[in-house]
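K.L.:
Below is the structure, and that's it, no one-letter string:
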């Protein structure tokens, strides 16, 4: 039985899980801004302790690779790479929006409903992509500034579920469409990485631990000090 340590830090949520092929064995998570650096290693220690496992017992480390928070991604990827290097384990990258789509697809039973995960960026901008109800990608990941014309060609024809921490701010604009649905309570979780992680593990699709970098999508823009 393969075991994968899964790490999610791309948004406000800091989440760690250990999974087997078809089961989440342990998970520890907290949805709170700017706490990733403080709790990530503690959460990892706690999930191993809860299962009475050693670090060497895992077969790989999977990390949510972005897009998302620049700082959060740096913390998650750096932690994952450090573990892989120290333990001589392979590194798996799971694109964050794909993981979100997989997580939502597992919780709904409507294959006709398109899935549109949204990660909050600046102002009315989100990182987003479009998937079918099974989590299969229909459109590539992009940074979109949302207005009343966004997704118009899709919303004219099909129901779309918008979710993630970028969905709430878009509800007033996109909610005018009768086919628009919103799930604003969705929280990114390391549990959602399982499908992508085990598919990559099965096909031996691993990252170069030395050179792998997060998928930022856009350059980092530092905010002004108050």
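P.N.:
Noted; the coordinates are in hand. Owing to the predicted nature of the structure, the values given are computational and were not obtained by experimental measurement.
K.L.:
show me what contacts the most centrally placed residue in the chain?
P.N.:
Nearest to the mean C-alpha position of the chain, by C-alpha atoms, centre = their mean, lies residue 96 at 3.1 Å. Taking C-beta atoms under 8 Å, 6 or more residues apart in numbering as the criterion, residue 96 is in contact with 8, 10, 11, 64, 65, 66, 67, 68, 119, 127, 188, 215. C-betas here are computed from N, CA, C, even on glycine.
K.L.:
Local confidence estimate at the nearest residue to residue 145 once chain neighbours are set aside?
P.N.:
With sequence-adjacent residues excluded and distances taken as C-beta to C-beta, 6 or more residues apart in numbering, residue 145 is closest to residue 125, at 4.9 Å. The model reports residue 125 with a pLDDT of 96.
K.L.:
Measure how buried residue 125 is and give me the count.
P.N.:
By other C-beta atoms under 10 Å, the residues close to residue 125 number 17.
K.L.:
So what does it look like in phi/psi?
P.N.:
Dihedral angles of residue 125 (phi, psi; degrees, to the nearest 10) stand at phi -100, psi 140.
K.L.:
Spit out the contact partners of residue 152.
P.N.:
residue 177.
K.L.:
mind checking how far it is from residue 160?
P.N.:
11 Å (C-beta to C-beta, to the nearest Å).
K.L.:
Equivalent analysis for residue 136, please.
P.N.:
15 Å.
K.L.:
Looking at the two now, which is surrounded by more residues?
P.N.:
Neighbours per residue, other C-beta under 10 Å: of residue 136 and residue 160, the larger number sits with residue 160, 19 against 12.
K.L.:
Can you check the pLDDT for the more buried one?
P.N.:
Note for residue 160: predicted pLDDT of 98.
K.L.:
Might you report the residue contacts of it?
P.N.:
Residue 160 neighbours (C-beta under 8 Å, 6+ apart): 113, 114, 115, 116, 130, 151, 154, 179, 180, 181.
K.L.:
which one of those residues is nearest residue 80?
P.N.:
residue 115 (25.7 Å; C-beta to C-beta).
K.L.:
Identify the residues contacting that closest one.
P.N.:
Going by C-beta under 8 Å, 6+ apart, the list of residues near residue 115 reads 101, 104, 105, 130, 131, 132, 133, 135, 160, 161, 163.
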